[in-house]
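>>> Return atomic coordinates for the entry below.
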Amino acid sequence: MSDLTPGGEPAGADRGSGAPGREATEAPHVLDNPALAALTGPHAHFAERRGRVLRYPVDVSPWLALPAEPDADDWADLAALAGPGAEVPLAGFCGQVPDSWEITFRVEGVQFVDDGLAAAPDAEAVRLGPADVPEMLDLVARTQPGPFLPRTVELGTYLGIRREGALIAMAGERLHPPGWTEISAVCTDPAHRGEGLASRLILAVAHGIRERGETPFLHTSARNTSAIRLYESLGFRFRRRTEFLAARAPEHLTDGRAAVPVP
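Alright, predicted model coming up:
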């Protein structure tokens, strides 16, 4: 699609500002900072806030939300939230980390969005809840799909498949920006891989999201080529690159105060 209007001017040009050729700033997409959109939207009841920094409770999700262009005060507020010397996950943050913070982990990630999923309920899938958390944590520990914590199940619908009473596969909902829901924690017991369980659960979770009038999306590591092939085969489309990183907070703030965590 062309970026030019029929008259040959750049689309979105500001013609009434007295500055010919000046382009209006394009509004960021809600998925560019999905944690911020979620914590100021449908997941606002989870939000722990200091200044402009928001995060989920540490037993719910490691995702936190910085402004698009955080300043020194924002980083100081984040340090205060985390506590002195704490390792802070910065999933989805693609900006510059201050020199006073030590980057401890970094991996390139990718974001995919629904582009024609054949979403459908699954007769074998069962709803998982707080009583199932010990089994869910055990399955996650054995399969390593990404962070899943004792209260992550509260973020949305989680579905599982059981065989002879044992939980062998699951998938569910995590970030919830307005109009969108992230599919996460997709995992299958190694003894049952190759049976198509992950695909079935992804489509079943997506069906529930679609029934609410929302659009599914998800994240994965750019190195996880097998997962990427699966998602693309199901009808997900690559949207953007992102990063998953973590950084260690300074022991003291720039004014010398200890970075005491906020209760």
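
>>> Quick one: residues in contact with the longest helix belonging to the chain.
Looking across the chain with DSSP state H, the single longest helix is helix 197-211. By CB atoms under 8 Å, 6 or more residues apart in numbering, the residues outside helix 197-211 that reach it are 114, 117-122, 124-125, 157, 159-161, 168-173, 181, 183, 186-188, 215-216, 230-231, 234. Any C-beta I mention is one placed from the backbone N, CA and C, and that applies to glycine too.

>>> Separate out the buried members of the residues you listed.
114, 117, 119, 122, 125, 157, 159-161, 168-173, 181, 183, 186-188, 215-216, 230-231, 234 (16 or more other CB atoms under 10 Å).

>>> Can you list which of those are found in helices?
Per DSSP H, helices hold the following members of the buried ones among the contacts of helix 197-211: 230-231, 234.

>>> ok, now which ones touch His176?
Per CB under 8 Å, 6+ apart, neighbours of His176: 38, 41-43, 155-156, 182.

>>> Filter the residues you listed down to just the ones in strands.
Glu182 (DSSP state E).

>>> quick one: which of the contacts of His176 has the most company?
Ala38 (28 neighbours; other CB atoms under 10 Å).

>>> show me where this protein has helices.
34-39, 72-82, 133-143, 197-211, 225-234.

>>> Please work out which of these is packed deepest.
helix 34-39 (a mean of 25; mean count of other CB atoms under 10 Å).

>>> tell me what that one is packed against?
With contacts defined as 3 or more CB pairs under 8 Å, 6 or more residues apart in numbering; DSSP states H and E, helix 34-39 has these neighbours: strand 53-55, strand 64-65.

>>> residue ranges with poor pLDDT in the stretch 151-263 of the chain?
Across the stretch 151-263 of the chain, the ranges flagged by pLDDT under 70 are 253-263.

>>> at 90 instead, please
251-263 (pLDDT under 90).

>>> Of all the helices of the chain, which one comes closest to Leu64?
Of all these, helix 34-39 sits nearest to Leu64, with 6.3 Å by CB to CB.

>>> Measure how far the closest one is from the centre of its chain, please.
8 Å (CA atoms, centre = their mean, to the nearest Å).

>>> neighbours around Arg239, how many?
15.

>>> right, and it touches Gln111 too?
Yes. Arg239 is in contact with Gln111 according to CB atoms under 8 Å; the separation is 4.9 Å.

>>> what do the two both touch?
31, 217.

>>> contacting residues around the one residue sitting closest to the centre of the chain?
By CA atoms, centre = their mean, the mean C-alpha position of the chain lies nearest to Leu175, the distance being 5.3 Å. Leu175 makes contacts with 34-35, 38, 43, 61, 63, 155, 181-182, 184, as judged by CB under 8 Å, 6+ apart.

>>> In JSON lines: these, plus distance to Asp71.
As requested, these are exported to JSON lines (distance: CB to CB, whole Å):
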{"residue": "Pro34", "distance to Asp71": "21"}
{"residue": "Ala35", "distance to Asp71": "18"}
{"residue": "Ala38", "distance to Asp71": "22"}
{"residue": "His43", "distance to Asp71": "24"}
{"residue": "Ser61", "distance to Asp71": "25"}
{"residue": "Trp63", "distance to Asp71": "21"}
{"residue": "Leu155", "distance to Asp71": "29"}
{"residue": "Thr181", "distance to Asp71": "31"}
{"residue": "Glu182", "distance to Asp71": "28"}
{"residue": "Ser184", "distance to Asp71": "30"}
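
>>> ok, back up a step: which ones among the contacts of helix 197-211 map onto strands?
Short answer: the contacts of helix 197-211 in strands (DSSP E) are 114, 159-161, 168-173, 181, 183, 186-188, 215-216.
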